[in-house]
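Chemist: Provided below are the primary sequence and the corresponding predicted coordinates.
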Amino acid sequence: MKHIDEYRDTTLVKPLVAELARSVTRPVRVMEVCGTHTMAIFRNGIRSVLPEKMEIVSGPGCPVCVTSASHMDAFITMSELPDVRVAVFGDLFRVPGSNGSLAQASSRGARIDIIYSPMDALDIARNNPGDMVVFLGVGFETTTPAIGATILAAQREQLDNFCVFSTHKVIPGPLEQLMQDPELKINALLCPGHVSAIIGAGAYQPFVDKFGLCCVVAGFEPADLLNGLILLARQVGDNHPRVENMYPRVVSWEGNRRALGMVEEIFEPADMEWRGLGILPLSGLAIREKYARFDAEKRLNISVPAAEEAKGCLCGQILKGKTTPPLCPLFDKRCTPANPIGPCMVSSEGTCAAYHKYGRDA
Amino acid sequence: MCLAIPMKVEKIEGNPDDFTRNQIAVVNMNGISKEVRLDVVDRWPEIGDYVIVHAGFAIHSLDEEDAKKNIELIRELASHMPEEMLLSGDEQ
Amino acid sequence: MSDNTILLDHGSGGIASQDLISGLFLKHLDNPVLRTLEDCAVLDNQPGRLAFSTDSYVVDPIFFPGGDIGKLAVHGTINDLAMRGARPLCLSLGMILEEGMNIDDLEKIVISIGQASTDSHVPIVTGDTKVVPKGKGDKIFINTSGIGIVADEVSISSTNGQAGDAVILSGTMGDHGITIMTRRAGISMHGNLRSDTMPLHRMVALLLEQFPGKIHALRDPTRGGVATSLNEIAAGSKLSIIMEEELLPIRPEVRAACEILGLEPLFLANEGKCLAIVDGSRAEEILRLMRTTAEGREAAIIGRLVDGKSGRVLINTPVGGSRVVAPLHGEPLPRIC
């Protein structure tokens, strides 16, 4: 597997582990804001080789985990409407709303198709003209262009039984809001590789300028991850925060203009609710009026129930590294992997879920 | 977020400027092939190029020069010798 | 239409049922015990202890590269018997057909069952067929039960693992699971992916004969994959298991399909593989023998049992780190993140 195997080569990776140990000279608290980084760090056992002075916290970067319970409830309600079938990424299938998950709706007879690409939802719509096929749109900048292109394809085909429920979110704005906390305990940001393929490495410059954060864009193979962590440690050590792009095979400074144009054409900024963080202004994308016939909320007249404050949920602070799960009043009481309240519990490798599973040595 | 992997382009259908037709590539990894869309790829690929595929869409065409630079950056980092080891080497 | 599809009449017990039994089932599954068409099979007594197992097969799609639901139903139950060291003697075959099922498809499946049973030398000795109204089933469901004989000196159990034992996997992993998943609607990809469905009783018999007392536990890592089976063995034996990621045998095509869909081969189903927990000091010899068989050609030692937290499975990763491998929670699903 070209462009993958060379980054997994142990003769390359093992020296990088040693180099990481040498590079950490001052305490480094890294936030990664990408569910795929979370998974890759876990799968490669990176935490077990981290130097003592380096810590990684998982930020709000898994689009599935930050999908709010009220959005999940709306998805489930929609899946149970007559003549509606919903198409969904597999990740979302077991995420609970306030009263069960899509998996449970499926067991009650809701028609739910798990798909790999949003284009697969168009196939389903084409083959089932009597049904309204609703794609449950979750995802950040990497995924949104694909959904936009799917909407355009539906328009070209004049496919009338397809629409999208948009809960798409953006990364930089909300992340900036998180970082405004004066007590923030993070000094380094491992920037998401594939979001950056779209928005460009330049998007992180404000984090350096405003918050003095060290920023490195990195890929997902073990050598990429270690490379990213080494450079973050060096930036912290030299006290020279800047944006470094360590994923140049995929990420440019400017990003993917064609994809950004696609998003701009179909979507407009909107306030959006994030699980555990509440409604963050202009942190999401809504479908423009021009494409209203592909907007599930309008087509099916679905309203998202008012967000219920998750009282006592400390995910916001855990994400910022200000506290740890056991200090949260909900942890392992009202909030468990089977009934998660905040995003850190939804993701199987989120901070709270990991604490729940493996205890403090997580 | 966002799982995306490099796959090699074997076939291309459509062209970059004609949005009224399908823009599709057949891509391959280890003998597994798949159709992906080229609607949002940053640079129209050529046969033999690698593209980064996410959710059935190519989102980026890899440039061989960038790829070479990338792995070299990392190899250089991995071959970095700490000063104490260099010193002890000198003594021998 | 009526010529070619299953009708409720085929399950009535009347003439239509008899036609189906003699014209189709007996035609492809014939043997002296089944031929009597009595209410039950009567088997000759054998020395040793009886092993008895049952399993139901509801796989969708019913035909897939490398096999079909019928072949799977024969191999699956044979393998379940073999995993306790039993020599499989015979199988029962229960079928639940959905009204409207294509009879040609049914015949293909029955032919496949006949071949698998003949090739394995394990006859079908009793059977039953029912038909349910359209919509109450999904084309065909199969149950097979099997009886086997365990020689007196043989003791194979998931609780028998010892610290120092080696974990051998008899071949590549994930082939069946990924083949089924990529055949389902919505996840189309092309390439050489094939189910590994295969009977393992002959390889197991050879191991038990050549290395008496040295094979401690056997498991076929079907649903839940290698990860889940190893968790069960670790818990049963009250030990930890440590795997080496670099030693895991995975076909390149399976690896690629997993990369695309965000799946881990460790959690995908296998239908022709076993995990053997064997005496560590003889592991290399056992591996060599396994590799001489068609079933175990690609066998590999993938880890070892160690003293440590009971029931914990760890994997050492190429970066020199390690992580916990928890059992599978639910059906693996393709991911985007």
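Modeler: Sure thing, it's come through.
Chemist: Where does A:Phe165 sit: helix, strand or coil?
Modeler: The three-state label given to A:Phe165 by DSSP: H, G, I helix; E, B strand; the rest coil is strand.
Chemist: Double-check it against A:Gly137; I have them as touching.
Modeler: Yes - between A:Phe165 and A:Gly137 there is a contact at 5.8 Å, judged by CB atoms under 8 Å. To be clear about C-beta, it is placed using only N, CA and C from the backbone, and glycine gets the same treatment.
Chemist: Same drill for those two, tell me which one is more crowded.
Modeler: Ranked by neighbour count (other CB atoms under 10 Å in any protein chain shown), A:Phe165 and A:Gly137 place A:Gly137 first, with 27 against 24.
Chemist: pretty sure that one is touching A:Phe162, no?
Modeler: No - contact status for A:Gly137 versus A:Phe162: not in contact, 11.9 Å apart, counting by CB under 8 Å.
Chemist: Burial check on the residue of chain B found nearest chain A, number of neighbours?
Modeler: With CB to the nearest CB as the measure, B:Gly56 is the residue of chain B nearest to chain A, at 2.4 Å. For B:Gly56, the count of nearby residues is 22 (other CB under 10 Å).
Chemist: Could I get the contacting residues of the nearest residue to it once chain neighbours are set aside?
Modeler: Take B:Gly56 and drop its neighbours on the chain: the residue closest to it by CB to CB, 6 or more residues apart in numbering or on different chains is A:Ser117, 2.4 Å away. By CB atoms under 8 Å, 6 or more residues apart in numbering or on different chains, the residues touching A:Ser117 are A:146, B:36-37, B:55-57.
Chemist: What is the lengthiest helix in chain B packed up against?
Modeler: When chain B is scanned for its longest helix (criterion: DSSP state H), the result is helix B:64-78. Where contact means 3 or more CB pairs under 8 Å, 6 or more residues apart in numbering or on different chains; DSSP states H and E, helix B:64-78 is packed against helix A:10-23, helix A:222-238.
Chemist: In TSV: those, plus distance to chain B.
Modeler: Listed next are these as TSV, based on distance: least, CB to the nearest CB, whole Å:
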stretch	distance to chain B
helix A:10-23	4
helix A:222-238	5
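Chemist: Which one, of the ones you listed, ends up nearest to C:Ile109?
Modeler: helix A:222-238 (45.0 Å; CB to CB).
Chemist: Okay, now the sheet partners of the next helix-or-strand element following the closest one, with direction.
Modeler: Following helix A:222-238 in sequence order, the next helix or strand is strand A:243-245 (DSSP states H and E). With DSSP bridges as the test, strand A:243-245 is paired with strand A:214-218 (parallel).
Chemist: Report the rounded mean pLDDT for the partner strand.
Modeler: What strand A:214-218 shows for mean pLDDT is 98.
Chemist: Return the angle between stretch directions for it and helix A:222-238.
Modeler: Between strand A:214-218 and helix A:222-238, the angle comes out at 170 degrees (axes from the mean of the first three to the mean of the last three CA atoms, to 10 degrees).
Chemist: Can you name the residues in contact with strand A:214-218?
Modeler: With CB under 8 Å, 6+ apart, strand A:214-218 has contacts from A:37, A:187-193, A:196, A:201, A:204, A:207-208, A:224-225, A:227-229, A:231-232, A:235-236, A:241-247, A:251.
Chemist: Now residue 67. Nearest residue, chain neighbours left out?
Modeler: In the absence of a named chain, chain A is used. In space, and not counting its chain neighbours, A:Thr67 is closest to A:Val138: 5.4 Å by CB to CB, 6+ apart.
Chemist: Chain B, not that one
Modeler: By the measure of CB to CB, 6+ apart, the closest residue to B:Ala67 outside its immediate chain neighbours is A:Arg249, 4.3 Å from it.
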